[in-house]
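Chemist: Just need the structure, nothing else, for what follows:
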Amino acid sequence: MWKSVKGYDGYYSISDSGEVKSHERIETVTAGWSRKKSEKILKQFIDHNGYAYVDLCRDYTRRRFYIHQLVLKTFISDAPDGFVACHNDGNCRNNNIDNLRWDTQKNNLADTIKHGTRIQGEKHKLSKLNEIQVRLIKENANHGDTQQKIADDFGVSRRLIGMILSGKRWKHV
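Modeler: Coordinates of the predicted model:
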């Protein structure tokens with residue numbers, strides 16, 4: 001099912017599966033010049049987090065729209081205050097209306113844990129440790145080693161060791 005994109009009536013429509021198409025129209029290019037634009041499905045781009053987006057143009061102005069947000073705004077409603085667009089299955093490329101909902105950021109983060117898509121621990125590109133090392137750190141602390149000695153042994157800061165032992169970092173291990 002297709003619906004007009006709010007604010008872009010006559011320019012673009014979006015489907016309940018997340019496809020975006022431009023409408024056939026006559027577009028003014030410069031003073032006195034115009035061209036016919038054919039209807040076509042727009043190519044979607046992927047951002048650095050894996051989310052699909054398109055750029056929509058009207059009145060010489062281009063704006064970026066994320067597909068999951070556009071589907072929800074078009075087929076459900078604008079986002080309630082404090083709510084974000086969430087993917088029910090954790091797949092940020094599945095922008096079908098049945099897979100999307102408005103929810104709180106807290107619940108969205110809980111979904112990332114449930115779906116195993118949360119970037120934490122050694123999955124994080126800046127991580128200096130892995131899960132085995134974190135277990136060894138906790139073991140060494142239980143055997144009486146100081147945080148500074150553990151930090152020196154693993155080549156990290158004493159502050160990081162303290163955060164690991166207090167559960168502020170690597171609490172999933």
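
Chemist: contacts, neighbours, all on C-alpha from now
Modeler: Will do.

Chemist: got a list of contacts for stretch 11-20?
Modeler: Applying Cα atoms under 8 Å, 6 or more residues apart in numbering, the contact partners of stretch 11-20 are 1-5, 21-25, 41-42, 56, 58, 67-68, 70-71, 74-75, 95-97.

Chemist: 7 Å instead, please
Modeler: With Cα atoms under 7 Å, 6 or more residues apart in numbering as the test, stretch 11-20 has contacts from 1-5, 21-23, 41-42, 67, 71, 95-97.

Chemist: which element follows the helix or strand of the chain with the lowest mean pLDDT toward the C-terminus?
Modeler: In the chain, no helix or strand scores lower on mean pLDDT, DSSP states H and E than strand 25-30, which sits at a mean of 78. Next in sequence after strand 25-30, counting helices and strands by DSSP states H and E, comes strand 33-37.

Chemist: Show me what secondary structure element comes after that following strand.
Modeler: Per DSSP H and E, the helix or strand that comes after strand 33-37 is strand 40-41.

Chemist: for the record, mean pLDDT for that following strand?
Modeler: The average of the pLDDT scores along strand 40-41 is 95.

Chemist: quick one: strands adjacent to that strand?
Modeler: strand 20-22 (antiparallel) (DSSP bridges).

Chemist: Measure how far the strand it pairs with is from the centre of its chain, please.
Modeler: 22 Å (Cα atoms, centre = their mean, to the nearest Å).

Chemist: Check the contacts of stretch 11-20 for burial and list the buried ones.
Modeler: With neighbours counted by 16 or more other Cα atoms under 10 Å, these contain buried members at 2, 4, 5, 21, 22, 23, 67, 71, 95, 96, 97.
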